[in-house]
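Novice: The following comprises the amino acid sequence and a computationally predicted model.
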Amino acid sequence: MIKPKLKESVKAGIPIFVGYMPAAAAFGVLAKGCGLGMLETFLFSALVFAGASQFMALNLLMAGMSAGGIILATFLVNFRHFLMSAYLSTRLDHQAKKVVPLIAFGVTDEVFSVLSFQGGRLSKTTVFSIQLCAYSAWVTGTLAGFFLGGFLPEILNQSMGVALYALFVAILLPEVKKSRRALFLALSSGALNATLIRFQIFPDGWTIIACIVIVALAGSLISETQGAGEEA
């Protein structure tokens, strides 16, 4: 008989499973179209498990960027996970804290969101059940997309690259609707990226790292200025 807590946790993770499958399949199709093998594609999702960062890393890989640059870009994009993990660590019960490294690996935006709305202390059962829903969907969806890519026309395989932009837009739009600052920073980032590419200031792939650092610093300064203005 399934324990009530496990049943509730799996039920909470089902929407993540459903949402991850098409995105993961798109990544699998795109990876195949970029020339990656089945094992490489599988390990990409199984070991990295970084969602949007995997799309970005794949594009940077195809652009000929070095491994160090790809790792740095992924680190910067995923830096928000430090804050998510820091918060979740305060919610874990005694048993769950013993397996923090495993829990940290499975933290994603969607998993964090679902766990944040769970009442009380978070147990291993709750955390791992929700994370397993996300992880299994991402890995199996990636493999499904890879095999599906073998039956799709080449032009359709290559067009899957638009999934990256659609994913980022989906993440950005809710914040842009609430904040003009977010809209300004997003537009500034796009303009800066276009300028850097146009004048070839940095090697291929490094422009996105420069944009992340510069726009993040600008956003931080704007936040401090607004905070100081409100206090005054």
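Specialist: Cool, got the structure.

Novice: Can you mark which positions in stretch 127-145 are buried?
Specialist: Buried positions in stretch 127-145, judged by neighbour count with 16 or more other Cβ atoms under 10 Å: 127-131, 133-135, 137-145. C-beta: built from backbone N, CA, C; applies to glycine.

Novice: again with stretch 109-117
Specialist: Asp109, Glu110, Val111, Phe112, Val114, Leu115.

Novice: send the alpha carbons of it over as PDB?
Specialist: Output of stretch 109-117 as PDB, limited to C-alpha atoms (Å, rounded to 0.1, in the frame of the first residue of the first chain):
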ATOM      1  CA  ASP A 109      13.100  26.000 -10.900                       C
ATOM      2  CA  GLU A 110       9.900  23.900 -11.000                       C
ATOM      3  CA  VAL A 111      11.000  21.600  -8.200                       C
ATOM      4  CA  PHE A 112      11.800  24.500  -6.000                       C
ATOM      5  CA  SER A 113       8.400  26.100  -6.700                       C
ATOM      6  CA  VAL A 114       6.500  22.900  -5.800                       C
ATOM      7  CA  LEU A 115       8.600  22.300  -2.700                       C
ATOM      8  CA  SER A 116       8.200  25.900  -1.500                       C
ATOM      9  CA  PHE A 117       4.400  25.300  -1.300                       C
END
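
Novice: contacting residues for Ser113?
Specialist: For Ser113, no contacting residues are found, by Cβ atoms under 8 Å, 6 or more residues apart in numbering.

Novice: Next secondary structure element downstream of the helix or strand hosting it?
Specialist: Following DSSP states H and E, one finds Ser113 within helix 109-116. Under the assignment DSSP H and E, the closest C-terminal helix or strand after helix 109-116 is helix 124-149.

Novice: Cool, thanks, talk later.
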